[in-house]
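Chemist: Build me a structure from this.
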Amino acid sequence: TSSFVKEPPKIDVIKDNLLTSDQDGGIDETRIISYQAAIDDLLRSGRSDVPTNVLLAMKSIVIACKSITEDVESYEQRKLASLKPEDKEKLYSLKTKLSATLTNLMTAAKNHATGYGISPVSLLDAAASHLTETIVKLVKLIKLRRLDDNNDNEEFKKLNNNNMLSVENMSSSSFGSRSPTPVSPPLRSQSNNKSDAITDINIELQADTLLNGRTVEIEDAKKFLEMKMETIVQSIQTLLSAIRNNFHSDDSIQDNINTITSIVSQVIAECRAAFSSPSGTSYKEQGEIILISLESSISSLEEIRSTIKTNIEEFRTNKSHKQLLAKASFQIAKSTKDLVGLME
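Modeler: A predicted model of the protein is given here:
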């Protein structure tokens, strides 16, 4: 993770009512809060003595933008019939611009990280400003959706459904006809520049030492994922049980987190190598987005493990810690299903 502490943004567009919310708004307000924090982290990283810190911060921005894009797509599906022609055109234009400005920021981050300290931080600032301006315009067009304060931790409720977390439900045989969570068409229709930028960032972030120089094809990665599925599912189920039982054994929690992070790291390395092979070309762009999401979830679990190790009582009594654990577990389960669906 980044060497910077993730702090709340100095200006909260939600609480300060700088962007209006609506019960039927298109973008979940938590997406914008996450984006604010990620951008703040990027700009702090750009001013640090370690230029490569921006690559870690960039991961969070990519994930936040993916979540915003998914909300926009969902809004479009709900409102397609009622949207005015001019609003449809404006929305499509903004989605396309979001993809372009995100790509530009990723390029700026990569250039900053590899610029040996002489790349002007103003270039990073400008790219971040253009992306933020586009997101603000999107929010103004389709509005924020404010969550009910009593509707905490929807992810935990979903994960408590044992039917979701079963090997059968996550295996290729049971949802071979399902496709992974759709990514915005404009994001998919971009040139390979975006895919290359994502890949370059992840080359900086993680060495594929687990592969030992092996060549991995898509079929190899698919078999590897199916082989590891049961262990991932069982470990996540154990974590959820620990939440319900209020963490009676912190050692078992840490062991399960270690198991999940280790196996998922292997899956990431295997799939990333497969996406770079001739048989993986068509999977590469969408696959990299899923892998970035998995990397972020691993990072969250590692932070949780550190908290449990240093102060288990604080973890047991703090509701937000349990929510974070459930959310990261849910995202790993979801992203793993997306990977299986993608490679079908």
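Chemist: from here on, contacts and neighbour counts on C-alpha atoms
Modeler: OK.
Chemist: what's the neighbour count on residue 78?
Modeler: 12 (other C-alpha atoms under 10 Å).
Chemist: Would you map the helices across the stretch 51-200 of the chain?
Modeler: 53-79, 85-113, 121-142, 154-159, 167-170, 172-175, 185-188, 192-205 (DSSP state H, counting those that start in this stretch).
Chemist: weakest of those by average pLDDT?
Modeler: Lowest mean pLDDT of these: helix 185-188, a mean of 32.
Chemist: Name the residues of the host helix or strand of residue 284 that come out as buried.
Modeler: For residue 284, the host element (DSSP states H and E) is helix 284-310. Neighbour-count burial for helix 284-310 flags 284-302, 304-305, 308 (criterion: 16 or more other C-alpha atoms under 10 Å).
Chemist: Hmm, residue 216 and residue 270 touching each other?
Modeler: Yes - if you go by C-alpha atoms under 8 Å, residue 270 and residue 216 touch, sitting 6.8 Å apart.
Chemist: Compare those two and say which one has the larger neighbour count.
Modeler: Using other C-alpha under 10 Å, the more surrounded residue of residue 270 and residue 216 is residue 270, with 24 against 21.
Chemist: What angle do helix 53-79 and the helix holding residue 284 make with each other?
Modeler: Angle of helix 284-310 versus helix 53-79, following axes from the mean of the first three to the mean of the last three C-alpha atoms, to 10 degrees, is 110 degrees.
Chemist: Return the residues in contact with residue 224.
Modeler: With contact set as C-alpha atoms under 8 Å, 6 or more residues apart in numbering, residue 224 has these partners: 267, 270.
Chemist: Tell me the predicted confidence for it.
Modeler: 86.
Chemist: cool, the one 5 residues further on as well?
Modeler: Listed pLDDT for residue 229 reads 83.
Chemist: And for the residue nearest to residue 125 when sequence neighbours are not counted, the neighbour number?
Modeler: Spatially, and ignoring its direct neighbours in sequence, residue 125 is nearest to residue 43 (7.0 Å; C-alpha to C-alpha, 6 or more residues apart in numbering). If you count neighbours by other C-alpha under 10 Å, residue 43 ends up with 17.
Chemist: is it fair to say residue 43 lies in a strand?
Modeler: No - Residue 43 is assigned helix when assessed by DSSP: H, G, I helix; E, B strand; the rest coil, not a strand.
Chemist: Quickly note the distance from residue 31 to residue 54.
Modeler: Distance of residue 31 to residue 54, given as C-alpha to C-alpha, to the nearest Å: 20 Å.
Chemist: re the thing from before, show me the residues around the residue nearest to residue 125 that make contact.
Modeler: Counting by C-alpha under 8 Å, 6+ apart, residue 43 has contacts 54, 124-125.
Chemist: quick one: which of these is nearest residue 241?
Modeler: Closest approach between the contacts of residue 43 and residue 241, by C-alpha to C-alpha: residue 54, at 36.3 Å.
Chemist: quick one: that closest one and residue 111 touch, right?
Modeler: No - using C-alpha under 8 Å as the test, residue 54 is too far from residue 111 to be in contact (10.0 Å).
Chemist: List the beta-bridge partners for residue 144.
Modeler: Applying DSSP bridges to residue 144 gives these bridge partners: residue 21, residue 27.
Chemist: Tally up the residues packed near it, please.
Modeler: Residue 144: 24 surrounding residues under other C-alpha under 10 Å.
Chemist: Also residue 45?
Modeler: When neighbours are counted by other C-alpha under 10 Å, residue 45 registers 23.
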